[in-house]
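K.L.:
sequence and predicted model, in that order:
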Amino acid sequence: YINILKQTSYKRQVYLLTLKYKDGQIEFNELTEAILKLPQLIRENEEQSLRDLFSATLSQAMKGVPYKFKLPLLNRLIGGLDHSEIMVIGGKTSMGKSMFGLQLATDFAESDLNVLYCTSEMSPVESARRILSRYTSTNIADFRKGLISTSQHEKIKQASEVLGEAWNINIRYTIYTYEI
């Protein structure tokens with residue numbers, strides 16, 4: 001747990017420094033100097049021999065990857081996800097990529113897993129709006145147009161309190177993968 005906190009802190013410091021550079025608050029050489037001055041992380045077990053990797057693969061071969069989808073067809077097609085695996089969803093405009101991604105994120109969150117949902121198409125507020133729309137059967141356009149009745153508002157408020165406490169989903173708007 002301490003290693004996770006150290007890694008998160010290090011990444012956050014690097015991220016904040018890159019924001020300062022992006023905003024013109026510091027020069028490139030100042031950015032690199034500041035990053036080099038940060039305490040270096042020691043990564044345990046970063047490398048593994050092929051023999052060890054084969055052994056780990058064989059031990060999982062009978063049970064599959066640890067994280068399964070709640071969609072049986074998807075499990076049949078790709079089997080699930082490994083720990084810390086990143087899933088990228090691609091497709092044409094308006095094909096349901098964002099909704100599918102949010103569905104997977106909420107499914108994993110319902111299984112008590114931590115989820116980082118990154119999007120380059122919609123704001124975190126719009127992502128939250130879509131989640132609440134789905135779980136309260138509220139038309140997404142009603143959110144956008146301000147057509148939520150008092151009773152709908154109360155229903156949405158209750159859902160947001162319950163889901164906000166129960167799920168550990170973080171939503172990040174990002175354009176570049178290095179921002180993740």
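P.N.:
Yep, that arrived.
K.L.:
show me where the chain has strands.
P.N.:
Here the chain has its strands, by DSSP state E, at 115-119, 169-173.
K.L.:
so which of those gets nearest L31?
P.N.:
Comparison of those against L31 by CB to CB identifies strand 169-173 as nearest, at 21.1 Å. (Glycine included, C-beta is placed from N, CA and C.)
K.L.:
what helices and strands are in contact with the closest one?
P.N.:
When contacts are defined as 3 or more CB pairs under 8 Å, 6 or more residues apart in numbering; DSSP states H and E, strand 169-173 sits against helix 97-110, strand 115-119, helix 124-136.
K.L.:
next, the angle helix 124-136 makes with the longest one.
P.N.:
Read that as helix 97-110. 70 degrees (axes from the mean of the first three to the mean of the last three CA atoms, to 10 degrees).
K.L.:
which of the residues in helix 97-110 are buried?
P.N.:
Within helix 97-110, the residues scored as buried using 16 or more other CB atoms under 10 Å are 97-98, 101-109.
K.L.:
so what's the most centrally placed residue in the chain scoring on pLDDT?
P.N.:
With distances taken as CA atoms, centre = their mean, the residue of the chain nearest its centroid is L116 (1.6 Å). Looking at L116, its pLDDT stands at 86.
K.L.:
kindly report the same for Y135.
P.N.:
Reported pLDDT for Y135: 91.
K.L.:
with A159 instead?
P.N.:
So, for A159, pLDDT stands at 94.
K.L.:
and the worst-scoring helix or strand of the chain on mean pLDDT, what does it pack onto?
P.N.:
When the helices and strands of the chain are scored by mean pLDDT, DSSP states H and E, helix 2-22 comes last with a mean of 81. Contacting helix 2-22 under the criterion 3+ CB pairs under 8 Å, 6+ apart are the following elements: helix 28-37.
K.L.:
which regions of this structure sit below the pLDDT cut-off?
P.N.:
1-4, 40-46, 175-180 (pLDDT under 70).
K.L.:
at 90 instead, please
P.N.:
1-19, 21-22, 27-49, 52-53, 55-68, 75, 78-96, 98, 112-123, 168-180 (pLDDT under 90).
K.L.:
quick revisit: next, format the buried residues of helix 97-110 as TSV and append distance to W167.
P.N.:
TSV is the format used below for the buried residues of helix 97-110 (distance: CB to CB, whole Å):
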residue	distance to W167
K97	21
S98	17
G101	15
L102	11
Q103	13
L104	13
A105	9
T106	7
D107	10
F108	9
A109	4
